[in-house]
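A.B. asks: Here is my input, please return the structure:
(one chain, ligands or ions: 1)
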Amino acid sequence: MIGLQNATVSFGDRALFTHISFEVPVGRSMAVLGPNGRGKTTLLRALLGFQPLSGGTRKAPRVTGYVPQHGASQARMTGAEVVIMGRADRLGLFGQPQAQDRAAALEALSEIGANHLADLRYDRMSGGQRQMVLIARALATGSPALVFDEPTSALDLGNQARTLELLDGLRERRDRAILFTTHDPNHALAAADDVLMMMPGGQEVHGPVREMIEPARLSELYGVPMCWVDVDAPSGAQRQAIVPTFAGIEAAA
Ligand SMILES: Nc1ncnc2c1ncn2[C@@H]1O[C@H](COP(=O)(O)OP(=O)(O)OP(=O)(O)O)[C@@H](O)[C@H]1O
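C.D. replies: Numbering: from 1, shown residues only. Down below sits the predicted model:
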């Protein structure tokens, strides 16, 4: 289980959030939504212990798989070597990776369809390729908790779809607690059970996806009108997506 209990984080006299409480049990996935600068990354960092709390407590396993928003690095390492770093806890301070660690790293890359990145230099990869490697590194930890900071932000539409499928597939296994931030409420619909919204006014609300993702609440969250639209899925099934009303173009008469 991961979560915060009655937690507060402040920078100087600015409180990003106060007395926030939520939990994500193993087997569930939660999406965190909120406007730019509201504190989503800071909330994840607080949960992971990288950001001290001004009050309250955090609950997380000793090792949590974490995919940060920016994976910039000058390190001359291959994709596989970066993924092996996810095994650091098993290696110990001076431990050298063994064959089983390399096998676990390759398996994690394979799980997300990124085997081709194993031997490429990480510092020469595109932002999207690095993101895939960091997702594999998080999986290679073997942790029951996974935390993703905007996992689709650097990805093209094809890789976004694959990453959402991956997140949804991990959720469907019901063997990990998963938390991810996103700016797209449709990503919450696609891959989360629950949603935590950091509202612009300073309060936070959370609940099941179907209750939380609806036009009025999202209009308040982002300050733009939102509406449902029908989408034809490739299977022929009808789906609904939620979009800002500025989306689209006026149909030709
Ligand atoms: N160490 C720090 N010291 C002071 N202020 C900080 C620190 N870290 C973050 N902040 C501020 O806290 C606020 C929230 O930042 P954060 O990155 O958590 O927001 P966010 O919701 O993830 O934003 P975005 O959606 O733009 O990625 C920002 O105004 C940021 O400048």
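A.B. asks: Return the residues of this protein in contact with the ligand.
C.D. replies: Residues of the chain that fall close to the ligand, judged by Cβ under 6 Å from any ligand atom: F11, L16, G34, N36, G37, R38, G39, K40, T41, T42. Any C-beta I mention is one placed from the backbone N, CA and C, and that applies to glycine too.
A.B. asks: Might one say that the last one is in contact with L16?
C.D. replies: Okay, so that is T42. Yes - using Cβ atoms under 8 Å, T42 is in contact with L16, at 5.4 Å.
A.B. asks: Find residues that contact each of those two.
C.D. replies: With contacts taken as Cβ atoms under 8 Å, 6 or more residues apart in numbering, the residues that reach both T42 and L16 are V9.
A.B. asks: So which of these two has more stuff around it?
C.D. replies: L16 (20 against 17; other Cβ atoms under 10 Å).
A.B. asks: returning to what we had before: list only those of the residues of the chain next to the ligand flagged as buried.
C.D. replies: For the residues of the chain next to the ligand, a burial check counting by 16 or more other Cβ atoms under 10 Å picks out L16, G34, R38, G39, K40, T41, T42.
A.B. asks: Put together a markdown table for the residues of the chain next to the ligand, with distance to M77 and pLDDT on each row.
C.D. replies: Below are those laid out as a markdown table (distance: Cβ to Cβ, whole Å; pLDDT from 0 to 100):
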| residue | distance to M77 | pLDDT |
| --- | --- | --- |
| F11 | 33 | 93 |
| L16 | 33 | 94 |
| G34 | 33 | 97 |
| N36 | 31 | 96 |
| G37 | 32 | 94 |
| R38 | 34 | 96 |
| G39 | 32 | 96 |
| K40 | 28 | 97 |
| T41 | 24 | 96 |
| T42 | 28 | 97 |
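A.B. asks: which one among those gets closest to L170?
C.D. replies: For those, the minimum distance to L170 (Cβ to Cβ) is 19.8 Å, reached by K40.
A.B. asks: What about the spatially closest residue to the closest one that is not a sequence neighbour, how many residues nearby?
C.D. replies: In space, and not counting its chain neighbours, K40 is closest to T181: 4.4 Å by Cβ to Cβ, 6 or more residues apart in numbering. Counted with other Cβ under 10 Å, residues neighbouring T181 total 23.
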